[in-house]
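1. When you get a sec, could you give me coordinates for this:
(2 chains)
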Amino acid sequence: MSSFLTHHRRRILVTMAFLSLFMAGLCGQLGYLMIFRSEHYSTMADDLHERERTIKAARGEIVDRNGTVIASNRTVCTVSVVHNQVEEPEAVIRMLSGELELPEAEVRKKVEKRSSREIIKTNVDKADGDRIRSHGFAGVKVDEDYKRYYPYDSLASRVLGFTGADNQGIIGLEVMYEKYLKGRDGKILTLSDAKGVEVENAAEERLEPVAGNTLTVSLDVNIQKYAEQAAYQVMERKGARAVSVIVMNPQNGEIYAMVNAPEFHLNAPFSLAEGDGAASGKEKQDLLNAMWRNRCINDTYEPGSTFKIITAAAGLEAGVVSLEDRFSCPGFRIVEDRKIRCHKVGGHGGETFLQGAMNSCNPVFIDVGQRLGAERFYDYFQQFGLLGKTGIDLPGEAATIMHKKENMGLVELATVSFGQSFQITPIQLVTTASSIINGGNRITPHFAIKAESRDGSLVREFTYPVRENVVSEETSRTMRHILEQVVAEGSGKRAKVDGFRIGGKTATSEKLPRSRKKYISSFLGFAPADDPQVIALITIDEPVGIYYGGTIAAPVIADIFENILPYLGLLPGNET
Amino acid sequence: MREQSVNDRRRAGHPEQRGRTEASRPQPQPKKKKPRRFYDYSLLFTIIFLTVFGLVMIYSSSSYNAQVLGQGPAYYMKRQGYIALAGFAAMLVISKMDYHFFAKFTVPAIVVSYICMFLVNFTSLGIKVNGQKRWLGTRSVRFQPTELVKVTVILVLAVVITRLGKKIDEWRSWGMLIVLIAPLALMVMANNLSSGLIIVGIGFVMMFIACKKKWIFILSMALGAAVFIFAPMIAMGLEKAGILESYQLSRILVWKNPEAYPRDGGYQVLQGLYAIGSGGLLGKGLGQSIQKLSFLPEPQNDMIFAIICEELGLFGAISVILIFLFMIYRFMLIAGNAPDLFGALLVVGVMAHIAIQVILNIAVVTNVIPNTGITLPFISYGGTSVLFLMVEMGMALSVSNQIKLER
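-> Okay, the predicted model is just below:
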């Protein structure tokens, strides 16, 4: 009896201990699997279960200020196979590789892959999709969805941007307003098991897609078209590399047109221009990125004489110069040890400040800059909002490249005064000029006006910051007067439009390195001069032959204004 | 007195012992007060809980597959439920009998077991399901004789060890036991390696408790651990030597890295791991398993624990293990307090059976050991299994019922 009690009981206890140990070990293994490996296995499982088919939501349209649709959707198809439902794999492979013009090996790999659903090709034309469907092979699914479509193809290509294979925005407004445009994809949840059998009387759940919002932008298709046409003409005539035009409302910052000629084709954004055909993968990507650049906002340049608007405004605002102040121009100015030339080699002789501005005389503006001094000049840059970014609603805006305040010696000060030795973006120049001539309101240039849901209810009205009194009303009025005189009788006289009061400033900037003798001709104009409703900047990159801004750029703006001013409801007066 | 063999004592006819056999019978010696007897209600309720929980899980995991086969969603649950109910009734009846009475069935049980295994292996009465001949009977009425063999082995060993008394420590007795049991175990192993292992395991545990020998057990444990750890190397060596077939080697390789064989041998294990892994801490909720939608083949069977993990999470899974551990603890208590060695050994056999099967099942599901078909007691679907489990539970409860509370 005692032997049963002691020996057997002890052994039973030992057995129990061993069993508990084993079970504890298994609990440990379970914990490892379910905590540390949980993510690993659940993603693998989800991948396996990924049987639900998404119904792509229609991406929101982009419409211009008049409601003209400039980015829309086209129905396309996604072709996929459900491995377990395919009955005649060989025939399916042959049919798919034939209809979709894909290599047979690639199709075979996808058809034979044991997955719940394998996508063969997306963005298939509806006609092709219908044909594939009509073959009626088991296990081949053709789902309709949407592809972005741009009715005007190349119109404002770099502004609008385009979408990728998954209909996500890649550049421009498409990426900036992705959140509003995207919509929410729907889902068809078919209850089907590993064998691919769709179970009867199991409810098919359907989650309806929600279309993206309609985005109204400030662009005006007609103005954009006209500006593009003008840009292409001058580009061709002058053999220029590129021409950019910005047309904006200087009162509120709404951009009517933004041209970057040559534009690219939004419906085929991945095909390079001719001649760039045989490029390797990386080279091709670089070329594509170059092609997609929006020079108005992504690239900086030396603004040249158009920058004199800022120098003049700073001088007037600080009271260091008035219209009647007299200057003399011997054709150069010596600053420290440098001799800085005026564009007129013989010099302009004696002239008032107004005349100096009309002549675009460098020594006059060097003097104004020197009177201001680096410190004060720099403070005005800050006040005008010139040093940062404009905050335009497009991705990738470049910031101003300016000397540091402490590095700004007299020579730098002198060159900055007439727009050299630093770089800004065209949009920054237009925006700063706008705030100087519109009464002193630093506006934010922008495109988006409002987002509405498909049924027309307002989702969001976009508002943009405005900083008031960056210059006084008086300085603003004086500046408008000066710039009107520049066009009326000065260097910008080719920008004159009969019946309208136009203000403006020409510029010819020599590109770096100076030895290349390449130029950017530009003209910044606005109208009407007494109450600016539209401001425009054209930059002509590397024109061949005559390159003076006043000669080649000003007439283009005149041409554009002549057409768009009446269109904007501004009637010609008889003041001139 | 406990060292006496069962039959000796029965012949001696101790009045107290006989008196306890059936409660309703009038006491032959009325001057002694009828002792209060123990009945392990904790065990009883654990059994009820596990069985009902099993039914819930079977419903959850099989309703989808049942519908695919054109049956009602509760098809599997109902079948299991009826058998469990019948088994439960049988268990209650058995638990009220004196367990010494079971000893009478030793010879018939062993004979029937041999006949059944013979029929399954060598005649057309054996039915193949999923490529393995494990069933006896016709398509509609059939059962798995291996379950009977497990009970038989427990009974036979308990009887024989009790009879041998101290002689159990002699090698001669070991030889006799091997002659008695080994052919049966081998016949089981021929078609069902895992059940064979369980039978060997039950024998191992019962012998360990009965014998005074120590080293032989420690040695075999160490050997088992070594085989487990060096399995791939051993398997590769054996394959090169031509002893192991390549398909057997592949099983080992699949076990070591199931993700490398997602289509072939690794499919079931991998699907089980997906289910376990996607459960996380708290699980997806009862009925929310996706893996049961026939990604995991026959989820109501061997792999039901994976579905428990997926639906009830780590907490649910560990709770289930704890309940089994509690059950084993109850067996330990009953065995430790059993009136005699025969009772103790019966309960130890049952305990070994349940514990080994639970451990092996969970080890397979969590890929700790190579895949082999072992059901989870009380929870997995299987009529024969639940019926014989109930019989075993009846035996354990019957032993518990013979424990005197007051002396």
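2. Minimum distance to chain A, which residue of the stretch 251-400 of chain B gives it?
-> Going by Cβ to the nearest Cβ, chain A is nearest to residue B:277 of the stretch 251-400 of chain B, at 2.2 Å. For the C-beta atoms, the positions are set from N, CA and C on the backbone; glycine is no exception.
3. My guess is that residue contacts residue A:35. True?
-> No - applying Cβ atoms under 8 Å as the test, residue B:277 and residue A:35 come out as separate, 9.6 Å apart.
4. Can you give me the buried ones in stretch A:14-22?
-> Judged by neighbour count using 16 or more other Cβ atoms under 10 Å in any protein chain shown, the buried positions of stretch A:14-22 are A:15, A:16, A:19, A:22.
5. if we look at it, which residues are touching it?
-> B:205, B:208, B:209, B:325, B:328, B:329, B:332, B:348, B:351, B:352, B:355, B:359 (Cβ atoms under 8 Å, 6 or more residues apart in numbering or on different chains).
6. Please name the nearest non-neighbouring residue to residue 343.
-> Picking chain A for this. The spatial neighbour of residue A:343 that comes closest, neighbours along the chain excluded (Cβ to Cβ, 6 or more residues apart in numbering or on different chains), is residue A:362 at 6.7 Å.
7. that's the wrong chain, I meant chain B
-> Among residues not flanking residue B:343 along the chain, residue B:399 sits closest, at 4.1 Å (Cβ to Cβ, 6+ apart).
8. Which secondary structure elements does whatever helix or strand that neighbour lives in sit against?
-> Take DSSP states H and E as the rule and residue B:399 turns out to sit in helix B:383-401. Other elements packing on helix B:383-401 under the criterion 3 or more Cβ pairs under 8 Å, 6 or more residues apart in numbering or on different chains; DSSP states H and E are helix B:41-68, helix B:75-95, strand B:142-143, helix B:145-164, helix B:304-337, helix B:341-365.
9. try it again with 10 Å
-> Contacts defined by 3 or more Cβ pairs under 10 Å, 6 or more residues apart in numbering or on different chains; DSSP states H and E place helix B:383-401 against helix B:41-68, helix B:75-95, strand B:132-137, strand B:142-143, helix B:145-164, helix B:304-337, helix B:341-365.
10. now the host helix or strand of residue B:218, how far from the centre of its chain.
-> For residue B:218, the host element (DSSP H and E) is helix B:215-229. Its chain's average C-alpha position is 22 Å from that of helix B:215-229, according to Cα atoms, centre = their mean, to the nearest Å.
11. and it, average pLDDT?
-> For helix B:215-229, mean pLDDT is 89.
12. what comes up buried for that helix?
-> The neighbour-count check on helix B:215-229 (16+ other Cβ under 10 Å) flags residue B:217 as buried.
13. Stretch A:406-415 now?
-> Those would be A:408, A:412, A:413, A:414, A:415, for stretch A:406-415 by 16+ other Cβ under 10 Å.
14. can you list contacts of that stretch?
-> Applying Cβ atoms under 10 Å, 6 or more residues apart in numbering or on different chains, the contact partners of stretch A:406-415 are A:302, A:333-338, A:340, A:362-363, A:365-367, A:369-370, A:372-375, A:377-378, A:402-404, A:416, A:420-422.
15. First-to-last residue distance for that stretch?
-> 16 Å (Cα to Cα, to the nearest Å).
16. Stretch A:417-434 too?
-> 19 Å.
17. Repeat that for stretch A:164-171.
-> 10 Å.
18. Just the buried positions in it, please.
-> Those would be A:167, A:169, A:170, A:171, for stretch A:164-171 by 16+ other Cβ under 10 Å.
19. any low-confidence regions in chain B?
-> Per-residue confidence for chain B (pLDDT under 70) gives these ranges: B:1-34, B:129-133, B:138-141, B:243-248, B:262-265, B:294, B:406-407.
20. Return the residues in contact with residue 128.
-> Because you didn't say which chain, this covers chain A. Contacts of residue A:128 (Cβ under 10 Å, 6+ apart): A:76, A:77, A:79, A:99, A:100, A:101, A:121, A:142.
21. that's the wrong chain, I wanted chain B
-> B:134, B:135, B:191.
22. give the contact list for residue 222.
-> No chain was given, so I picked chain A. Residue A:222 touches A:64, A:66, A:68, A:256, A:257, A:563, A:564, A:567, counting by Cβ under 10 Å, 6+ apart.
23. Of those, which is the most crowded?
-> Counting neighbours by other Cβ atoms under 10 Å in any protein chain shown, residue A:257 leads these with 28 neighbours.
24. now that one, which residues is it bridged with?
-> residue A:247 (DSSP bridges).
25. ok, it to chain B distance?
-> Counting by Cβ to the nearest Cβ, to the nearest Å, the gap from residue A:257 to chain B is 54 Å.
26. roughly how far apart are the residue nearest to residue B:319 when sequence neighbours are not counted and residue B:232?
-> Spatial nearest neighbour of residue B:319, chain neighbours left out: residue B:312 (7.7 Å); criterion: Cβ to Cβ, 6+ apart. According to Cβ to Cβ, to the nearest Å, residue B:312 stands 33 Å off from residue B:232.
27. which of those two has more neighbours?
-> The residue with more neighbours, out of residue B:312 and residue B:232, is residue B:312; 23 against 14, by other Cβ under 10 Å.
28. So the more buried one sits against residue B:275, correct?
-> No - counting by Cβ atoms under 10 Å, residue B:312 stays clear of residue B:275, with 11.4 Å between them.
29. Can you check which residues contact both of the two?
-> B:284, B:289.
30. for the helix or strand where residue A:119 lies, packing partners?
-> Using DSSP H and E, residue A:119 falls within strand A:118-125. If you count contacts as 3+ Cβ pairs under 10 Å, 6+ apart, strand A:118-125 packs onto strand A:69-81, helix A:89-100, helix A:104-112, helix A:126-135, strand A:140-149.
31. repeat that with 6 Å
-> Other helices and strands packing on strand A:118-125, by 3 or more Cβ pairs under 6 Å, 6 or more residues apart in numbering or on different chains; DSSP states H and E, are strand A:69-81.
32. for the strand it packs on, what is the average pLDDT?
-> Mean per-residue pLDDT for strand A:69-81: 86.
33. So which residues make contact with it?
-> A:58-59, A:61-64, A:111, A:117-124, A:126, A:129, A:132, A:139-147, A:149-150, A:152, A:160 (Cβ atoms under 6 Å, 6 or more residues apart in numbering or on different chains).
34. cool, stretch A:27-41 as well?
-> Taking Cβ under 6 Å, 6+ apart as the rule, stretch A:27-41 contacts B:273-274, B:276-280, B:314, B:317-318, B:321, B:366, B:368.
35. coming back round to it: in TSV: the contacts of residue B:128, plus neighbour count.
-> Converted to TSV, these look like this (neighbours: other Cβ atoms under 10 Å in any protein chain shown):
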residue	neighbour count
B:134	23
B:135	20
B:191	19
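36. lowest average confidence, helix or strand, in chain A?
-> With mean pLDDT, DSSP states H and E as the measure, the helix or strand of chain A carrying the lowest mean pLDDT is helix A:2-3 (a mean of 46).
37. ok, then the element right after that helix?
-> Downstream of helix A:2-3, the next assigned helix or strand under DSSP H and E is helix A:9-31.
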